[in-house]
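Student: Following is a predicted model, sequence given first.
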Amino acid sequence: MTPVIIRRAGMRDLETASEEMCRLGEESATAARWSAAAYRSYVEWEAADGLDQKKILFLACARTEPAAYSVASASEVDTARGRIVGFAAFSAIQRVGDCSLENMAVAKSWRKQGIGLRLLSAGLLWCRAHSGSGMWLEVRASNVDAIRLYERAGFSIAGRRADYYNGPVEAAIQMKQAFRPPSGRC
């Protein structure tokens, strides 16, 4: 099994791998279809409407030896970091105290190996450090595998939004994980 590392995306990734992230999003039946430019705000922090909004992008990278690559394009493989096989984008609005999972995708051939859970776990840790109350997400009502993943990670169903998604039109299940306040003990 090829080792996979989860790491924070940086500016270099935008230059070399944004096309790969777009391809992963397009191949996923459930991920949002973002342009390469949409990923930029998840690498740079920005303010939104006077609120302190922070964003982050985590990448799942398959680590293999450079000699084992069959390089198709510079965006597909970064020899120093590995091939991108998944990503997850998160945001936190500090004054409100909420975080959101904005987008996530794992390459089809890499699913069912725990990569989605590892990306989600990295985001949960980051969100706990940047938000007080918890994390929200929406998921297609038909995406049973993702709903199970989120439930395993401690999320519960909080609501439903009719006709939330396009292509095809479908309801969204809203899910939330409330963060427990720190106990003060180490």
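Tutor: Arrived safely.
Student: which residue is nearest the centroid of the chain?
Tutor: Geometric centre of the chain, nearest residue: Ala88, 1.3 Å, by Cα atoms, centre = their mean.
Student: and that one, what does it touch?
Tutor: Leu57, Phe58, Leu101, Asn103, Met104, Leu119, Leu120, Ala122, Gly123 (Cβ atoms under 8 Å, 6 or more residues apart in numbering). All C-beta spots, glycine's among them, are computed from the backbone N, C-alpha and C.
Student: ditto for Glu138
Tutor: Counting by Cβ under 8 Å, 6+ apart, Glu138 has contacts Arg161, Tyr164, Ala172, Ile173, Gln174, Met175.
Student: likewise Arg40?
Tutor: Leu14.
Student: mind checking the SS state of it?
Tutor: Per DSSP: H, G, I helix; E, B strand; the rest coil, the local secondary structure of Arg40 is helix.
Student: now swap in Val96 and tell me
Tutor: Taking three-state DSSP, the label given to Val96 is coil.
Student: so how far is Gly134 from the residue nearest to the centre of the chain?
Tutor: Distance, Ala88 to Gly134, using Cβ to Cβ, to the nearest Å: 17 Å.
Student: now swap in Gln94 and tell me
Tutor: 13 Å.
Student: Neighbour count for these two, which is higher?
Tutor: Regarding Gln94 and Gly134, a neighbour count based on other Cβ atoms under 10 Å identifies Gly134 as having more, with 19 against 14.
Student: pretty sure the more buried one is in contact with Ala178, am I right?
Tutor: Yes: with contacts counted by Cβ atoms under 8 Å, Gly134 reaches Ala178, the gap being 4.2 Å.
Student: ok so, going back, mind checking how far the host helix or strand of the residue nearest to the centre of the chain is from the chain centre?
Tutor: In this structure, Ala88 sits in strand 82-93 according to DSSP states H and E. Distance of strand 82-93 from the chain centroid (Cα atoms, centre = their mean, to the nearest Å) equals 4 Å.
Student: What's opposite the residue nearest to the centre of the chain in the beta bridge?
Tutor: Phe58, Met104 (DSSP bridges).
Student: what pLDDT does it get?
Tutor: Model confidence at Ala88, expressed as pLDDT, equals 95.
Student: cool, Lys55 as well?
Tutor: 88.
Student: who does the helix or strand hosting it touch, helix- and strand-wise?
Tutor: Per DSSP H and E: Lys55 is located in strand 51-62. Counting by 3 or more Cβ pairs under 8 Å, 6 or more residues apart in numbering; DSSP states H and E, the packing neighbours recorded for strand 51-62 are strand 4-8, helix 11-27, strand 46-48, strand 82-93, helix 115-130.
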